[in-house]
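K.L.:
coordinates only, no sequence provided:
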Ligand SMILES: Cc1cc2nc3c(=O)[nH]c(=O)nc-3n(C[C@H](O)[C@H](O)[C@H](O)COP(=O)(O)OP(=O)(O)OC[C@H]3O[C@@H](n4cnc5c(N)ncnc54)[C@H](O)[C@@H]3O)c2cc1C
Ligand code: SF4
Ligand code: FES
């Protein structure tokens, strides 16, 4: 198929950016979206134009490094990551607009690449259970009810991609945050730090410039791992509990 | 839902070498195919493993290893390159111990290291099922699985610490699968007699890595660890014979930066991407390890490559990576190709039963579709080489075989198959656009893991004092072949429990003298990094880096892949040398070195892959035997099965860099087995 690609290009964080238009022919429907961009980059390189910078690593939907707004949708039209999107979701002659994640807390690095280090800093504020290596009791010392373990797992599958933020009109990271609060909060091991965790992580979230949640639900619709919206209720519930406990 | 064991373990039909086999081995050709390509060096030995009873060795070493004074630790610095299971666990643990740690990775967050992609599970000798598992059994299975090419002391220690890993991860909140009683669930890998694999649905690597990443971020908050993301190590600094720092390129600004420390740990993962197509992530590279190799660290057994039989086949020339389909599918799927070439292009559903060749069931009636990875892989290649492969033609050949669930769906019902494999079937459908419920899957082998890596002693220290290596980047524990679910175990064993207890012996001598920025060794290293970048930026040739990488990958796959032969390997070495020469003359890297430049990043990696690829071929040429993941056409039984030659090749091949355009130097570490008897395996 033949495509008309409108792609955001920006030299660095401070340079002005803009949409460039490229024609790409002979795109096969078996290509992944990123392989299509690889082919475009080969073409650009041959023509003497610098290839487009975009992020990816595992290319199997698990590392969370890929991140494209495709026709205004985070990760494109399917419920999956950009790297798992395939060209059979598009038609010959389509015009496709490709942009980076847009959020104040995710500054652009170059072209389609953004800086998501704010997520790491949120985790630093309590997204863990404090246990030094070697200090752990036997793994069977504390049974965990299967439904809780399953729930913890389901939300722990978040890949930290940031699509939820990119999709949210407020640029809120509440889904990401709620997923971690729920993962650790479901487990007996996570109880001791439950109050401080939620207060500190939310504090960092706000300090990074992520917006507040107004329950629009775009985040969960864009999330490639289908993290459910109710993790945000859990987040709020835990926050209120912590405040009640005077944290 | 995963990884079957690659080799024997439970399949206890191995036979001890009998007199006839011994005679056959003695008659085996004694020539050294690689003689023209290398220089003989002195033998090498691991001097750190204590002697005595196997089960006491690790205790002894931990006791004998000196302890760095806690008050001193704030003055002792450690660089850890890599944030996968092996690196994040080490950095977090060393931070907890009070050392000053700097952690580096090339991704935008430590959480994205490729350990994240591991699906199947992690082994541990917990014996929670009371099914007779033990440290000794896990040790034995791993030695045997490694085809008797690993060290007994190391492997025993790995099995010993495996149990603590599970405790640690559970305490961190890793959501392993559980039973209704709330206790941990285990599964057995197809054919294994014990259930020792812990798992978190099909995302075990992800969950373990998130656990290690969170421990790491906790130390960042505590101020003991500083993380440098999007920083690629491009050189090792060795001063007065000790590893003292690294040179990195800031991948955002292009800045070349120098970092010093008392000790350097490489946890930089595997180099399977030398094949271009593999199940590795796009950025996986050998650069960190190779730069260390060029500075004096020996590279061990580089040719040992694990090729996984069940991956989604290449769809076309655009293919950028390959995706693993969990090997558990072989429990219910039947593998076949058409009997007649004429049928290969047909809709498989129209090929009648009598025209199908269920070749694994035919050749290996006892194990059928569950034969070990290397056998399943090689037979798939044989079928396609015979012209009986299926799926689209890529470069004129159909490279795929069917993995058919029709019978299982008939027998168990679609629902049962959905329950077991739904996410895998979805992934397959997404990538191929075909529905595996109604039409057989197509699979083909792909490069998955490398057993080779930097040589380390029992302390995980390389031949450069102060340079330690953990995880897939070292060669230590898997011999010629790794068992499923054992790489995660090794990465975390190294990082949480082994390295922190051995590195302290080295650090007890520190802090070492401060290094001046203008030390000649530092200036030389910085200069060489800068001139290499300069050369890429100014060559102004006509071909892209990727096109060279792809071609190198073709050569490696063709001649140093599933089956290697003397002629093929010689040819490969010639091809690699001329391609490398062309690369340095004709590569095109656009843009600027002073900003993010992904072509430039790739150019550095590919340049190192060329040198590694050549060494892999030389290593494969030297080893005229078939063992584990290394199959030499010249060394097979009459039935076409792998044949080891323990009398000649029971050694680790540890290669020393001889210099650019010079021959590498081979140091052999002879392997002795005090506790386990060496056997040949058989699956007939
Ligand atoms: C698809 C797949 C499935 C697997 N499934 C299983 C399984 O079920 N069970 C099992 O036991 N094993 C499995 N394995 C193998 C296992 O996942 C790996 O061997 C293991 O995770 C490697 O861990 P590591 O920490 O050594 O390296 P990695 O996780 O690869 O980490 C490497 C780190 O080094 C960094 N790095 C690399 N080079 C540089 C450089 N030059 N400069 C700076 N940083 C650098 C990277 O940024 C990264 O942080 C699987 C592997 C794959 C590919
Ligand atoms: S919650 Fe979903 S969209 Fe947000 S970071 Fe996690 S996986 Fe990505
Ligand atoms: S590249 Fe890893 S999730 Fe897309």
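P.N.:
Structure's in. What do you need? Keep in mind that this is a model prediction, so the values were computed, not measured. Ligands and ions are numbered 1, 2, ... in the order given.
K.L.:
which outside residues touch stretch B:587-594?
P.N.:
Under the contact criterion Cβ atoms under 8 Å, 6 or more residues apart in numbering or on different chains, stretch B:587-594 has outside partners A:45, A:48-51, B:253-255, B:533-534, B:536-537, B:539-545, B:548, B:597, B:599-600, B:603. To be clear about C-beta, it is placed using only N, CA and C from the backbone, and glycine gets the same treatment.
K.L.:
ok, now with 7 Å
P.N.:
In this structure, residues lying in contact with stretch B:587-594 by Cβ atoms under 7 Å, 6 or more residues apart in numbering or on different chains are A:45, A:48, A:50-51, B:254, B:533, B:536-537, B:539-545, B:548, B:597, B:599-600, B:603.
K.L.:
can you give me the end-to-end span of it?
P.N.:
In stretch B:587-594, first residue to last residue: 19 Å (Cα to Cα, to the nearest Å).
K.L.:
what about that stretch, distance to the chain center?
P.N.:
Mean-position distance between stretch B:587-594 and its chain equals 31 Å (Cα atoms, centre = their mean, to the nearest Å).
K.L.:
would you mark the buried spots in that stretch?
P.N.:
For stretch B:587-594, the neighbour count (16 or more other Cβ atoms under 10 Å in any protein chain shown) marks B:587, B:588, B:589, B:590, B:591, B:593 as buried.
K.L.:
not counting sequence-adjacent ones, nearest residue to residue B:148?
P.N.:
Nearest non-adjacent residue to residue B:148, counting by Cβ to Cβ, 6 or more residues apart in numbering or on different chains: residue B:678, 4.6 Å away.
K.L.:
before we move on, the earlier item: in JSON lines: the buried residues of stretch B:587-594, plus secondary structure, pLDDT and distance to ligand 3.
P.N.:
Supplementary listing: these in JSON lines, determined by DSSP: H, G, I helix; E, B strand; the rest coil; pLDDT from 0 to 100; distance: Cβ to the nearest ligand atom, whole Å:
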{"residue": "B:587", "secondary structure": "strand", "pLDDT": "98", "distance to ligand 3": "25"}
{"residue": "B:588", "secondary structure": "coil", "pLDDT": "98", "distance to ligand 3": "25"}
{"residue": "B:589", "secondary structure": "coil", "pLDDT": "98", "distance to ligand 3": "23"}
{"residue": "B:590", "secondary structure": "coil", "pLDDT": "98", "distance to ligand 3": "23"}
{"residue": "B:591", "secondary structure": "coil", "pLDDT": "97", "distance to ligand 3": "22"}
{"residue": "B:593", "secondary structure": "coil", "pLDDT": "98", "distance to ligand 3": "25"}
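K.L.:
turn those into TSV, columns for distance to residue B:269.
P.N.:
What follows is the buried residues of stretch B:587-594, written out as TSV (distance: Cβ to Cβ, whole Å):
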residue	distance to residue B:269
B:587	25
B:588	28
B:589	24
B:590	28
B:591	26
B:593	25
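K.L.:
from these, pick the one nearest ligand 2.
P.N.:
Taking Cβ to the nearest ligand atom as the measure, ligand 2 lies nearest residue B:591 of the buried residues of stretch B:587-594, at 29.3 Å.
K.L.:
wasn't residue B:306 part of a strand?
P.N.:
Yes - counting by DSSP: H, G, I helix; E, B strand; the rest coil, residue B:306 is found in a strand.
K.L.:
count the residues that sit near the closest residue to it other than its chain neighbours.
P.N.:
Beyond its immediate neighbours in the sequence, the residue positioned closest to residue B:306 (Cβ to Cβ, 6+ apart) is residue B:449, lying 4.1 Å away. Burial of residue B:449 is recorded as 25 neighbouring residues (other Cβ atoms under 10 Å in any protein chain shown).
K.L.:
identify the residues contacting residue B:449.
P.N.:
Residues counted as contacts of residue B:449 (Cβ under 7 Å, 6+ apart) are B:270, B:272, B:306, B:472, B:482, B:487.
K.L.:
10 Å - rerun?
P.N.:
With contacts taken as Cβ atoms under 10 Å, 6 or more residues apart in numbering or on different chains, residue B:449 has the following neighbours: B:6, B:118, B:270, B:272, B:278-280, B:304-308, B:373, B:472, B:478, B:481-482, B:484, B:486-487, B:629.
K.L.:
shouldn't residue A:56 be within a strand?
P.N.:
No - going by three-state DSSP, the assignment for residue A:56 is coil, not a strand.
K.L.:
for residue 195, which three-state class applies?
P.N.:
Reading this off chain A. Going by three-state DSSP: residue A:195 is helix.
K.L.:
sorry, should have said chain B
P.N.:
coil.
K.L.:
next one: phi and psi at it?
P.N.:
Note on residue B:195: backbone dihedrals following degrees, to the nearest 10 are phi -100, psi 100.
K.L.:
so who does it touch?
P.N.:
The contact partners of residue B:195, taken as Cβ under 10 Å, 6+ apart, are B:126, B:127, B:128, B:129, B:130, B:131, B:133, B:185, B:186, B:187, B:188, B:189.
K.L.:
distance of residue A:105 from residue A:53?
P.N.:
Using Cβ to Cβ, to the nearest Å, one gets 20 Å for the distance from residue A:105 to residue A:53.
K.L.:
who's more crowded, those two?
P.N.:
With neighbours defined as other Cβ under 10 Å, residue A:105 and residue A:53 compare such that residue A:105 has more, 24 against 21.
K.L.:
part of a helix, is that one?
P.N.:
No - when three-state DSSP is applied, residue A:105 is found to be coil, with no helix at that position.
K.L.:
my guess is it contacts residue A:208, does it?
P.N.:
Yes - taking contact to mean Cβ atoms under 10 Å, the distance of 4.7 Å between residue A:105 and residue A:208 places them in contact.
K.L.:
state the mean pLDDT of stretch B:422-430.
P.N.:
The predicted model assigns stretch B:422-430 a mean pLDDT of 88.
K.L.:
please see if that stretch touches ligand 1.
P.N.:
No - contact between stretch B:422-430 and ligand 1 is absent, the nearest approach being 11.7 Å (criterion: Cβ under 6 Å from any ligand atom).
K.L.:
one more: stretch B:94-106?
P.N.:
Yes - Stretch B:94-106 lies in contact with ligand 1 when judged by Cβ under 6 Å from any ligand atom; the contacting residues are B:104, B:105, B:106.
K.L.:
just to revisit the earlier point, of the contacts of residue B:195, buried ones?
P.N.:
Neighbour counting by 16+ other Cβ under 10 Å classes B:126, B:127, B:128, B:133, B:185, B:186, B:187, B:188, B:189 among the contacts of residue B:195 as buried.
K.L.:
okay, now the unreliable bits of the stretch 1-150 of chain B?
P.N.:
Within the stretch 1-150 of chain B, the stretches with pLDDT under 70 are B:1-30.
K.L.:
ranges for the strands of it?
P.N.:
For the stretch 1-150 of chain B, the strands defined by DSSP state E, counting those that start in this stretch cover B:15-16, B:39-40, B:77-81, B:100-104, B:122-123.
K.L.:
having no further points to raise, I will conclude here.
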